[in-house]
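Q: sequence unknown, structure follows:
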Ligand SMILES: O=C(O)CCC(=O)C(=O)O
Ligand SMILES: [Fe+2]
């Protein structure tokens with residue numbers, strides 16, 4: 001999980017200024033603003049993925065082919081304040097099924113936590129930055145070099161919290177598995193191959209539970 005700063009400020013600003021009226025202290029997001037935001041996130045995501053390919057010493061083309069014209073999903077999460085926050089969970093522990101996920105948060109309220117060295121660790125609220133999660137698909141493609149991050153959201157007794165998560169996936173027609181350029185006679189594949197369509201079908205037929213989704217593909 002990393003935090004990317006200046007691009008997030010620019011994109012968030014465009015999402016809000018191009019949007020319509022306000023309701024309470026919230027701006028209503030128009031379809032046009034969402035469409036533009038989605039396209040811009042796609043560009044940033046592709047750039048980020050290309051840097052990751054470079055860091056992995058993976059063939060650029062392989063990453064490009066997987067994620068060009070990829071699938072994207074945007075989820076808006078609203079966590080109302082809860083007088084007994086210890087009795088509930090905002091979002092159950094999970095790793096994202098995506099390649100990578102770009103999250104922006106709308107309120108100065110903490111809630112997102114990542115599991116770091118086995119301990120739930122809060123991610124400090126920074127309204128001017130993206131939080132970038134590695135998802136299960138990237139763990140598979142990178143042959144386990146990049147690990148998807150387990151995270152959860154706890155709720156706050158007094159403050160509400162809204163987040164916008166953009167999940168960046170490969171194209172639906174792709175097959176996923178460890179990048180061919182990363183599997184060598186010395187480095188064997190640590191995941192099986194599967195069509196991305198079947199991978200998604202399996203993901204959505206399960207409940208969100210830690211990193212349980214990716215386990216079935218480990219060799
Ligand atoms: O609300 C957040 O900060 C994270 C949301 C999230 O993990 C998700 O939508 O998958
Ligand atoms: Fe998530």
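A: Great, that's in hand. Please read these numbers as outputs of a predicted model, since none were measured by experiment. Numbers count the residues shown, from 1 in each chain. Ligands and ions are numbered 1, 2, ... in the order given.
Q: Which stretches in this structure count as helices?
A: Assigned by DSSP state H, the chain shows helices spanning 6-17, 31-56, 60-67, 136-141, 196-204, 212-215.
Q: most tightly surrounded among those helices?
A: Across the helices of the chain, the average number of neighbours (mean count of other CB atoms under 10 Å) peaks for helix 136-141, which reaches a mean of 26. For the C-beta atoms, the positions are set from N, CA and C on the backbone; glycine is no exception.
Q: That helix close to ligand 1?
A: No. Residues of helix 136-141 are not located near ligand 1 by CB under 6 Å from any ligand atom, the shortest gap being 11.7 Å.
Q: For that helix, name the packing helices and strands.
A: For helix 136-141, the packing partners by 3 or more CB pairs under 8 Å, 6 or more residues apart in numbering; DSSP states H and E come out as strand 175-176, helix 196-204, helix 212-215.
Q: Format these as JSON lines; extra columns: distance to ligand 1 and mean pLDDT.
A: Output for the helices and strands packed on helix 136-141, formatted as JSON lines (distance: least, CB to the nearest ligand atom, whole Å; pLDDT from 0 to 100):
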{"stretch": "strand 175-176", "distance to ligand 1": "19", "mean pLDDT": "95"}
{"stretch": "helix 196-204", "distance to ligand 1": "12", "mean pLDDT": "91"}
{"stretch": "helix 212-215", "distance to ligand 1": "12", "mean pLDDT": "86"}
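Q: Make a markdown table out of those and add distance to residue 45.
A: Shown next, in a markdown table, are the helices and strands packed on helix 136-141 (distance: least, CB to CB, whole Å):
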| stretch | distance to residue 45 |
| --- | --- |
| strand 175-176 | 16 |
| helix 196-204 | 16 |
| helix 212-215 | 20 |
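Q: which parts of stretch 112-127 are buried?
A: Neighbour-count burial for stretch 112-127, counted by 16 or more other CB atoms under 10 Å, picks out 112, 113, 114, 115, 123, 125.
Q: give me the number of residues near residue 188?
A: Counted by other CB atoms under 10 Å, the residues lying close to residue 188 total 10.
Q: An error on my part: the question was meant for residue 149.
A: Residues near residue 149, counting by other CB under 10 Å: 22.
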